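> this is a predicted model, with the sequence first.
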Amino acid sequence: MRVLLQRSRQAQVKIGETVVGEIDHGYVLLVGIEDADTDKDVAYLVRKITNLRVFEDAAGKMNLRIQEVSGSILSVSQFTLYADTRKGNRPSFTAAGQPAFAKEMYQKFNEQLRAAGLTVATGEFGADMQVSLVNDGPVTIWFDTNQIR
């Protein structure tokens, strides 16, 4: 699994003109799944994201977790995180998970974030979405479970 996390002051995802998910502050997560991903990958990322300390404390140091600032998550499926750009000018997405499997894993991921006590808004899996956010910091962090296997 790959997750690109952006700390944000506000964010929303639209399908057409309809807002389908939005948050005031917290994280925007762009989430990519590959067929080799397992429930262990989901659990690892949920643990890392819920315990990540990137919000400022009273001393101005990044020392607080999302729960400690009453933040929320906007989670958006993003198969293009598995783009292979090594050959030619058109990316290949063959490493991205098959849609049915990827959707199931994406839903598990979001459910486990909710089970950890977080408010999670989402886009719609497989839809053409427009995501807007105000990146706070900016703070952008890359997670890839292939780096821990």
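Perfect, I can see it now.

> the residue nearest the centre of the chain sits in which helix or strand?
Note on the chain: the residue nearest the mean C-alpha position is Leu29, at 2.0 Å, using Cα atoms, centre = their mean. Counting by DSSP states H and E, the element that carries Leu29 is strand 26-32.

> so the residue nearest to the centre of the chain sits right up against Arg2, yeah?
No. Leu29 is beyond contact range of Arg2, at 10.4 Å (criterion: Cβ atoms under 8 Å). For every residue, glycine as well, the C-beta is placed using N, CA and C.

> can you give me the strands for the protein?
Per DSSP state E, the chain carries strands over the ranges 2-15, 18-23, 26-32, 55-56, 62-64, 72-77, 120-122, 130-144.

> and the first one, what does it pack against?
It refers to strand 2-15. If contacts are counted by 3 or more Cβ pairs under 8 Å, 6 or more residues apart in numbering; DSSP states H and E, strand 2-15 sits against strand 18-23, strand 26-32, helix 39-51, strand 72-77, strand 130-144.

> in the sheet, who's paired with the residue nearest to the residue nearest to the centre of the chain when sequence neighbours are not counted?
Spatial nearest neighbour of Leu29, excluding adjacent residues (Cβ to Cβ, 6 or more residues apart in numbering): Ser75 at 4.6 Å. Note on Ser75: beta-bridge partners by DSSP bridges are Leu29, Thr122.

> tally of neighbours for Ser75?
A count of nearby residues for Ser75, using other Cβ atoms under 10 Å, gives 26.

> so how far is Met129 from it?
Per Cβ to Cβ, to the nearest Å, Ser75 is found 12 Å from Met129.

> what touches both of those two?
Residues touching both Ser75 and Met129 (Cβ atoms under 8 Å, 6 or more residues apart in numbering): Gly123.

> re earlier: angle of the strand holding Leu29 against helix 39-51?
Counting by axes from the mean of the first three to the mean of the last three Cα atoms, to 10 degrees, strand 26-32 points 160 degrees away from the direction of helix 39-51.

> what's strand 26-32 in contact with?
Contacts of strand 26-32 (Cβ under 8 Å, 6+ apart): 1-8, 11, 49, 66, 69, 71-82, 96-97, 106, 109, 119, 131, 133.

> filter the residues you listed down to the buried ones, PyMOL style.
In PyMOL syntax, the buried subset of the contacts of strand 26-32 is picked out as below (16 or more other Cβ atoms under 10 Å):
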select buried, resi 1+2+3+4+5+6+7+8+11+49+66+71+72+73+74+75+76+77+78+79+81+82+96+97+106+109+131+133
